[in-house]
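Participant: The following comprises the amino acid sequence and a computationally predicted model.
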Amino acid sequence: MRKLPFVFALIVFSVVTFIPDHTADAAQVYYRWAPGLRMSCTQVGGSINIVVSSRAVQYSNPDDSPAALYTSARLVNGTSVFTGGFMSIPNGVDTLTLSNYSTSVSGGYPLEYTFRYDTYIGITRIFRSEVVATCNGNASNIQMSLKNSIPGTEAFRRWQDNKTATCSLGTTTRRIQFNNLDVEYGNPLNDADYTRTEIDDDTQITGSGPNPVEFGSGSVSVGGVLYVTISPYPLDYRYTINTYDEDGAFIYRSVLRATCAGSSPAIVSVTDTVITDANRASVQSTLVLQGRPPAPHSTRAISVRATLTVSGSGAPIADLILLTTDTGLMTLSGQAPGTYRLYVKGTSTLAVKTIVTLVAGTNTITLPVLREGDANNDNTVNITDFSSLAAAFGSVAGGGTYNANADFNKDGVVNITDFSLLASSFGQSGAA
């Protein structure tokens with residue numbers, strides 16, 4: 001049934017109340033990871049060899065406090081395998097470059113590896129910094145997700161409980177009149193975003209975001225809001241705010257729900273949920289790649305850009321560079337259940353997209369073939385790509401004219417096979 005869009009028919013007032021953020025002083029002392037760590041996994045017999053590279057840490061102890069300490073820990077699949085003792089944080093503010101770290105752990109895939117630093121003032125933990133990556137098979141140069149947090153101050157944007165609503169009958173519509181759409185927020189590290197979706201009788205009708213959560217702690221007041229629909233009674237309207245951390249992981253959900261059987265006061269509720277892994281959705285897709293030998297094979301481990309965009313909105317809530325396994329398996333984790341546009345593009349392929357409805361847990365998605373031939377990564381195969389291939393034709397990996405982006409089947413040689421892949425896509429463009 002056709003739904004009318006969400007209508008703010010009347011906004012009586014809008015007020016932002018700011019409550020000073022008292023976590024800033026604690027956040028001035030930390031020992032944390034710098035962005036950009038990478039991880040590689042290789043299975044050898046009954047163990048997996050792990051190499052963590054591009055390691056650097058940032059520290060801050062401007063007052064040279066002897067009570068500023070840090071500890072380190074390593075976890076495999078959520079279980080601690082190492083915990084270090086207390087170490088002093090150096091004086092000042094600086095960045096340290098660390099050498100690569102190598103280890104071997106027993107077991108098989110999938111493997112989640114976490115490297116954590118906790119900062120203390122005396123015996124009180126005030127800051128946590130951790131990097132995490134998951135290997136579903138042999139893979140190299142995986143980008144590790146970074147998360148910094150202050151204990152007890154996870155970010156959120158949520159509905160306040162001071163809500164009432166009344167349902168009424170228009171000439172051809174049903175109306176829900178809310179007394180307000182007041183929200184409150186907490187964002188001590190200024191690193192969180194939120195999205196909003198509206199659902200009318202189990203059908204998503206609008207979506208917006210991501211938008212930055214306001215910095216610090218406070219509230220936003222909006223009064224006198226009218227929602228109009230042509231849905232018949234009974235009405236079941238839900239307005240959801242999802243909060244995401246700096247890595248795009250889903251961390252908090254707040255749902256405003258109004259139901260009514262007829263023209264009468266609505267039953268209104270607000271449900272808030274701190275998100276755990278059990279509430280999150282992940283996407284897995286074995287990408288169909290052209291010109292590769294059967295899996296598993298190293299040429300199927302490629303870098304792709306994957307984005308998720310809330311249906312009905314513009315900017316993606318997740319925009320990540322992912323590395324597939326040697327079977328071509330792509331995994332995008334930590335998302336909120338809902339309806340999205342999923343976009344995937346390899347560095348030398350045309351992009352593909354599809355609409356996906358994600359539920360909590362693992363969602364297996366089938367995507368169209370990733371067509372090769374886009375040597376300059378502009379999502380079109382044309383004469384420019386042919387010129388790149390021609391300049392590298394006959395070269396091998398390590399040679400002076402070799403161009404990995406023109407080696408479409410990733411076998412280390414630019415030859416007639418790559419020309420055939422380009423020719424089969426010539427004149428085509430990928431999904432926008």
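Facilitator: Structure received.

Participant: what helix or strand does the most centrally placed residue in the chain sit in?
Facilitator: The centroid of the chain falls nearest to Gly248 when counting by C-alpha atoms, centre = their mean (3.1 Å). Under the criterion DSSP states H and E, no helix or strand holds Gly248.

Participant: so who does it touch?
Facilitator: With contact taken as C-beta atoms under 8 Å, 6 or more residues apart in numbering, Gly248 is in contact with 193, 317-320, 334-335. To be clear about C-beta, it is placed using only N, CA and C from the backbone, and glycine gets the same treatment.

Participant: So which of those residues belong to strands?
Facilitator: 193, 318-320, 334-335 (DSSP state E).

Participant: How is this protein partitioned into domains?
Facilitator: Domain assignment for the chain by automatic domain parsing gives 24-149, 154-275, 279-425.

Participant: what's the span of the longest one from first residue to last?
Facilitator: Criterion C-alpha to C-alpha, to the nearest Å; first-to-last residue distance in domain 279-425 is 40 Å.

Participant: do the shortest one as well
Facilitator: Start-to-end span of domain 154-275 (C-alpha to C-alpha) is 11 Å.

Participant: farthest pair in the contacts of Gly248?
Facilitator: Greatest spatial distance among these (C-beta to C-beta): Asp193 and Leu320, at 14.1 Å.

Participant: between these two, which one's more packed in?
Facilitator: Asp193 (20 against 17; other C-beta atoms under 10 Å).

Participant: gap between the more buried one and Asp418?
Facilitator: Noted for Asp193: a distance of 40 Å to Asp418, by C-beta to C-beta, to the nearest Å.

Participant: And for Asp191?
Facilitator: Distance from Asp191 to Asp418, by C-beta to C-beta: 42 Å.

Participant: For the contacts of Gly248, give me JSON lines that also has pLDDT.
Facilitator: Output for those, formatted as JSON lines (pLDDT from 0 to 100):
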{"residue": "Asp193", "pLDDT": "91"}
{"residue": "Ile317", "pLDDT": "81"}
{"residue": "Ala318", "pLDDT": "82"}
{"residue": "Asp319", "pLDDT": "82"}
{"residue": "Leu320", "pLDDT": "81"}
{"residue": "Gly334", "pLDDT": "84"}
{"residue": "Gln335", "pLDDT": "89"}
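
Participant: Out of these, which end up buried?
Facilitator: 193, 317-318, 320, 334-335 (16 or more other C-beta atoms under 10 Å).

Participant: Out of those, which is nearest to Ser298?
Facilitator: Leu320 (21.8 Å).

Participant: Identify the residue nearest the closest one in space, chain neighbours excluded?
Facilitator: Ala306 (5.6 Å; C-beta to C-beta, 6 or more residues apart in numbering).

Participant: Check Thr243 too.
Facilitator: Nearest residue to Thr243, sequence neighbours excluded (C-beta to C-beta, 6+ apart): Tyr252, at 3.9 Å.

Participant: what would the buried ones among the contacts of Gly248 look like in JSON lines with distance to Gly216?
Facilitator: Listed next are these as JSON lines, based on distance: C-beta to C-beta, whole Å:
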{"residue": "Asp193", "distance to Gly216": "15"}
{"residue": "Ile317", "distance to Gly216": "22"}
{"residue": "Ala318", "distance to Gly216": "25"}
{"residue": "Leu320", "distance to Gly216": "28"}
{"residue": "Gly334", "distance to Gly216": "25"}
{"residue": "Gln335", "distance to Gly216": "26"}
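
Participant: Now flag whichever of the residues you listed is closest to Thr276.
Facilitator: Gly334 (11.1 Å).

Participant: ok, and the closest non-adjacent residue to that closest one?
Facilitator: Ala249 (3.6 Å).

Participant: Tell me how many other residues surround that neighbour.
Facilitator: Neighbours around Ala249, by other C-beta under 10 Å: 19.

Participant: ok, it - contacts?
Facilitator: 145, 147, 280, 333-335.

Participant: Return the member of these nearest to Ala391.
Facilitator: Ser145 (37.2 Å).

Participant: Specify the local secondary structure of the residue of the chain positioned farthest from its centre.
Facilitator: Using C-alpha atoms, centre = their mean, the residue of the chain lying farthest from its centre is Thr171. It sits 43.7 Å away. Secondary structure assignment for Thr171 (DSSP: H, G, I helix; E, B strand; the rest coil): coil.

Participant: Next one: it relative to Val51, how far apart?
Facilitator: Distance of Thr171 to Val51, computed by C-beta to C-beta: 68 Å.

Participant: of the buried ones among the contacts of Gly248, closest to Thr95?
Facilitator: Leu320 (24.1 Å).

Participant: mind listing the strands for the stretch 101-250 of the chain?
Facilitator: With strands called from DSSP state E, counting those that start in this stretch, the stretch 101-250 of the chain shows them at 101-106, 111-121, 124-135, 139-143, 145-149, 156-159, 165-169, 174-180, 183-187, 193-200, 203-212, 216-229, 235-244, 250-260.

Participant: is it possible to export these to JSON lines including distance to Thr327?
Facilitator: Converted to JSON lines, these look like this (distance: least, C-beta to C-beta, whole Å):
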{"stretch": "strand 101-106", "distance to Thr327": "21"}
{"stretch": "strand 111-121", "distance to Thr327": "15"}
{"stretch": "strand 124-135", "distance to Thr327": "12"}
{"stretch": "strand 139-143", "distance to Thr327": "10"}
{"stretch": "strand 145-149", "distance to Thr327": "22"}
{"stretch": "strand 156-159", "distance to Thr327": "38"}
{"stretch": "strand 165-169", "distance to Thr327": "51"}
{"stretch": "strand 174-180", "distance to Thr327": "49"}
{"stretch": "strand 183-187", "distance to Thr327": "39"}
{"stretch": "strand 193-200", "distance to Thr327": "32"}
{"stretch": "strand 203-212", "distance to Thr327": "31"}
{"stretch": "strand 216-229", "distance to Thr327": "45"}
{"stretch": "strand 235-244", "distance to Thr327": "29"}
{"stretch": "strand 250-260", "distance to Thr327": "26"}
